[in-house]
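Student: Predicted model and sequence below, questions to follow.
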Amino acid sequence: MANPLSRTVMVTGSSRGLGLEIVRQLAVADNPPKVIIATCRNPDKATELQALARDHQQIKVIKFDVVDYKSLPSVVEEVKAAVGSLGLNLLVNNAGIMEKCSTQMFGVPLQDLEPQMFRNVLETNTIAPLMLIKALLPQLRVAAAATSGPAGAPRAMVVNISSIMASMGTFLDRHGIYAYRSSKTALNMVTKILAEDPEMKGLLFVAIHPGWVRTDMGTTVAPLRAEDSVSQMLRVVANINEKQNGVLLNYDGSVLPW
């Protein structure tokens, strides 16, 4: 990634799928970040992530369940220790869940949807990213103040991994998936609110649809490989400017309707 986003990066949900691939591609890049913080709920079981960390000393693995808000202060301290005076240039809110059942590929039929199931998805996909952004704002602001770059280039950025299924303007005709789609639509609104908040001057916020990717969540029938999705997303992120603050982007850089 191009300066300034080649400095310090944090990726949630890094034990598998898109998160793991983001960490991998950052680590092997020609100009890798100085620090890559990879979080997951169970680092001891994240064998691929741990192998990457052994091969690339800039990767720091942190145990973090995004809905464990009591752990946020200690996580923030670990981030501060890892990034030092550089602050945090890029936060990728990738961790997410989808309601599932055994009778259909995606989502849960309305008759089987329970309130707690909906709450769990909303908690993980919408509330948790916002609370993490709130907790890490001081470190994002340090990076924004410390980093210089070309005119219009972002100094510190938050990327929220969203979905085209959250787009009301596109509205793909897939039945059900009430909780996941609603939670990502809410995440899009959170992204837009942050981008318009005058208190967030110097920070950029974007939501990105990674495509339908072959992961545990996307299923094995998805057409897009994780490595292809991530390579394009990172190229897009490296070239985002202030004009794209608060937008929903496709993984190829095109703008999607809210």
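Tutor: Great, that's in hand.

Student: Could you give the number of residues near Pro43?
Tutor: 18 (other C-beta atoms under 10 Å). Where you see a C-beta, it was placed from the backbone N, CA and C, and this is true even at glycine.

Student: now it: how far from Ala238?
Tutor: 28 Å (C-beta to C-beta, to the nearest Å).

Student: Which residue ranges of the stretch 101-250 of the chain form helices?
Tutor: 115-122, 128-146, 178-196, 226-238 (DSSP state H, counting those that start in this stretch).

Student: In a markdown table, list those along with mean neighbour count.
Tutor: Rendered in a markdown table, the data for the helices of the stretch 101-250 of the chain read as follows (neighbours: other C-beta atoms under 10 Å):
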| stretch | mean neighbour count |
| --- | --- |
| helix 115-122 | 15 |
| helix 128-146 | 19 |
| helix 178-196 | 21 |
| helix 226-238 | 20 |
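
Student: what's the closest of those helices to Val92?
Tutor: helix 226-238 (8.3 Å; C-beta to C-beta).

Student: Tell me which residues are up against the closest one.
Tutor: 1-2, 5, 17-18, 21-22, 25-26, 29, 90, 157, 159, 206, 208, 210-211, 213-215, 249, 251-253 (C-beta atoms under 8 Å, 6 or more residues apart in numbering).

Student: pLDDT averaged over it - what is it?
Tutor: Regarding helix 226-238, the rounded mean pLDDT is 95.

Student: Tell me how many other residues surround Asp65.
Tutor: 16.

Student: ok, which stretches of the stretch 1-150 of the chain are strands?
Tutor: Along the stretch 1-150 of the chain, the segments classed as strands by DSSP state E, counting those that start in this stretch run 8-11, 35-40, 59-63, 90-93.

Student: just to revisit the earlier point, between the helices of the stretch 101-250 of the chain, which gets nearest to Ala53?
Tutor: Closest to Ala53 of the helices of the stretch 101-250 of the chain is helix 226-238 (C-beta to C-beta; 17.8 Å).

Student: Check the offset of the closest one from the chain's centre.
Tutor: 12 Å (C-alpha atoms, centre = their mean, to the nearest Å).

Student: any idea how far Lys63 is from Thr124?
Tutor: 16 Å.

Student: of the two, who's got more company?
Tutor: Between Lys63 and Thr124, Thr124 has the larger neighbour count (other C-beta under 10 Å), namely 21 against 16.

Student: contacting residues for that one?
Tutor: Val66, Val67, Ala95, Gly96, Ile97, Ser183.

Student: Filter those residues down to just the buried residues.
Tutor: With burial judged by 16 or more other C-beta atoms under 10 Å, the buried subset of the contacts of Thr124 is Val66, Ala95, Gly96, Ile97, Ser183.
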